[in-house]
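A.B. asks: Sequence and predicted structure below; questions after.
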Amino acid sequence: MPYEGERASKVSHQSIVDNPTVEAFHGECDYLREPTQEEAADMAAAFIELPDLSSAPMPERVVSIDGSWHEGSLNERLLPSTRIGYVQIGGVLIDLTEYSQLRVREGRFVDPFGVAKLDEHNDRLILPVPSSNVTYKGQATVRASFRLAVEEHFSAESTWTRPGDPTSSLRGTLFVLAARRTGTLATGDPATLLLARCPNDGCSAESVPVTAAPGPQTCRSCGGPVYATDVLRIWENVVDFQPNREALGRLSNAVEHLLMVHYIRTMAEAGSLEALSRTAFVIDGPLALFGNMAWIHGPILDYLLSIRLELVRHRLGDLILMGLQKTGQIADYARVMDAHVANGRLLVIGDDIRYAYISPREGAAVTFGLETHYGQDFLVKTATGKWFPFALLYPMTKNPREEFAKAKTDVHRYPVLPAALRLLHELESDLYENATVPIVLAHRYTAISLVPGGRVLDVLSRQRMPAPGR
């Protein structure tokens with residue numbers, strides 16, 4: 001490890017390159033799993049030709065959501081390390097009619113001033129939370145402080161979509177989803193949810209109720225505070241004296257997905273079903289949640305399917321919800337297959353190809369996504385040769401499981417697929433490899449760079465935090 005301020009040598013790697021032991025080691029290595037030409041041809045055959053997309057219906061607008069987080073250091077000389085976490089989630093609204101008018105010179109370029117105006121239709125949610133060695137509002141531990149801060153952010157008026165109505169907050173959306181939970185923690189009541197266990201130290205109470213009513217609530221067993229947001233179980237990853245990057249990543253991921261549902265819920269409850277049917281929602285990453293909060297993917301799927309039924313009942317367009325993956329195993333698979341797949345091809349990623357070449361897993365007994373995903377993964381190589389791993393909302397429930405495992409890869413069950421493919425084609429961006437304009441804008445709006453953005457947050461934290469002992 002270098003000393004502080006010491007720069008690495010620009011040529012120190014040369015000794016590794018020239019080392020005979022390293023050369024011999026490379027010679028003895030081989031791929032664990034490399035597809036043969038025959039296998040590559042078989043995999044390429046699984047791709048189907050894209051349909052004619054010229055007549056596919058297009059939404060009028062796109063809402064894109066992306067997030068980022070940073071853990072700022074307050075004082076690098078303090079032991080243990082002292083940090084504050086910052087989570088930033090952004091939403092960008094793109095009017096596709098306005099966007100279509102930006103293209104100039106026979107559609108090869110876009111007006112840069114028009115693109116700059118797209119940034120005006122955006123919003124962001126900023127959630128500072130205590131991290132290592134930092135407490136909040138007199139709480140005894142970092143974990144208790146983190147829990148309180150998250151609850152306050154979810155309850156904040158900045159998330160209310162109806163003036164004077166706290167149930168229209170992001171916290172309120174959490175109750176709407178929790179009411180659709182199944183199993184022993186199900187309530188069926190949008191005014192009450194159950195925590196699997198009490199989050200207060202030393203308490204072993206289970207199935208702890210929290211109501212939608214605003215104001216402090218306590219565990220009936222230990223008397224300690226309990227919050228609706230404890231149901232996400234992000235607090236379980238929080239520790240007092242070490243970096244809490246995992247918890248910050250979980251929080252960022254949770255808010256991205258919940259904010260998307262919050263937008264849809266707002267439009268549905270306002271009676272704006274027609275506007276909802278003409279809006280596409282795009283989120284960065286797969287349509288899935290992981291870790292202790294993975295359970296909420298089920299209520300999200302159930303709620304969104306109920307919205308689809310309402311749209312059908314009113315004879316309106318279907319709900320378009322997409323997850324776009326910039327990186328990951330599917331993107332890596334696309335690079336491997338690039339030379340074997342012609343332009344204008346689509347793959348519905350089934351368990352056979354996924355478990356053999358994308359996420360190798362021998363003898364998998366459970367269909368992929370059963371416990372984490374609310375959307376099916378696809379991979380498309382557009383007419384221009386760009387690859388897009390994307391996901392669409394499952395148009396069916398997961399029960400019975402055997403039927404779900406077969407139905408999820410039936411391309412005919414996804415009526416929004418042509419519209420989604422056309423949307424990808426219309427919104428391709430040359431700014432980055434395999435990028436789309438909505439995600440580029442959302443990411444640009446929320447991304448916190450390590451330098452200078454991260455350093456600015458470090459300095460800000462140091463300036464606004466009281467000195468130790470004061």
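C.D. replies: Yep, that arrived. Numbering: from 1, shown residues only.

A.B. asks: next one: the longest helix along the chain to chain centre, how far?
C.D. replies: For the chain, the longest helix by residue count, based on DSSP state H, is helix 245-269. Centre-to-centre, helix 245-269 and its host chain are 8 Å apart (Cα atoms, centre = their mean, to the nearest Å).

A.B. asks: mind listing what's buried in it?
C.D. replies: Buried residues in helix 245-269, defined by neighbour count with 16 or more other Cβ atoms under 10 Å: 245, 247-268. Using the backbone N, CA and C atoms, a C-beta is placed for each residue, glycine as well.

A.B. asks: Stretch 376-392 now?
C.D. replies: 376-382, 386-392.

A.B. asks: Among the residues you listed, which one sits closest to Pro59?
C.D. replies: For the buried residues of stretch 376-392, the closest approach to Pro59 (Cβ to Cβ) belongs to Leu392, at 13.6 Å.

A.B. asks: Tell me where this protein is predicted with low confidence.
C.D. replies: Applying pLDDT under 70 to the chain flags residues 1-17, 30-35, 74-80, 99-123, 363-364, 429-470.

A.B. asks: change it to 50
C.D. replies: The model of the chain has pLDDT under 50 over residues 1-9, 11, 13, 105-106, 108, 430-432, 435, 438-440, 442-464, 469-470.

A.B. asks: which residues of the stretch 151-300 of the chain fall in helices?
C.D. replies: In the stretch 151-300 of the chain, the helices defined using DSSP state H, counting those that start in this stretch lie at 170-178, 245-269, 273-277, 297-313.

A.B. asks: Ok, which of those helices comes nearest Asn133?
C.D. replies: helix 245-269 (14.4 Å).

A.B. asks: Which secondary structure elements does that closest one sit against?
C.D. replies: strand 61-73, strand 83-95, strand 122-130, helix 170-178, helix 273-277, strand 279-284, helix 297-313 (3 or more Cβ pairs under 8 Å, 6 or more residues apart in numbering; DSSP states H and E).

A.B. asks: could you dump the ones you listed to a markdown table with distance to Arg335 and mean neighbour count?
C.D. replies: Output for the helices and strands packed on helix 245-269, formatted as a markdown table (distance: least, Cβ to Cβ, whole Å; neighbours: other Cβ atoms under 10 Å):
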| stretch | distance to Arg335 | mean neighbour count |
| --- | --- | --- |
| strand 61-73 | 23 | 23 |
| strand 83-95 | 28 | 23 |
| strand 122-130 | 32 | 19 |
| helix 170-178 | 36 | 23 |
| helix 273-277 | 36 | 18 |
| strand 279-284 | 20 | 24 |
| helix 297-313 | 28 | 17 |
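
A.B. asks: of all these, which lies closest to Phe47?
C.D. replies: Among those, strand 279-284 comes nearest to Phe47, with 23.0 Å by Cβ to Cβ.

A.B. asks: The closest one vs strand 83-95, what angle?
C.D. replies: Per axes from the mean of the first three to the mean of the last three Cα atoms, to 10 degrees, the angle that strand 279-284 makes with strand 83-95 is 150 degrees.

A.B. asks: Neighbouring strands of strand 279-284 in the sheet, and parallel or not?
C.D. replies: Take DSSP bridges as the rule and strand 279-284 pairs in its sheet with strand 61-73 (parallel), strand 320-324 (parallel).

A.B. asks: will you turn those into CSV that also has distance to Asp201?
C.D. replies: Converted to CSV, the strands paired with strand 279-284 look like this (distance: least, Cβ to Cβ, whole Å):
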stretch, distance to Asp201
strand 61-73, 23
strand 320-324, 37
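
A.B. asks: Ok, which of these comes nearest Ser359?
C.D. replies: strand 320-324 (16.3 Å).

A.B. asks: How far off centre is the closest one?
C.D. replies: 11 Å.

A.B. asks: which other helices and strands contact the next helix or strand after that strand?
C.D. replies: Downstream of strand 320-324, the next assigned helix or strand under DSSP states H and E is helix 329-337. Helices and strands touching helix 329-337, by 3+ Cβ pairs under 8 Å, 6+ apart, are helix 37-45, strand 375-381, strand 387-393.

A.B. asks: Include distance to Cys29 when you put the ones you listed into a markdown table, please.
C.D. replies: Listed next are these as a markdown table, based on distance: least, Cβ to Cβ, whole Å:
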| stretch | distance to Cys29 |
| --- | --- |
| helix 37-45 | 21 |
| strand 375-381 | 28 |
| strand 387-393 | 28 |
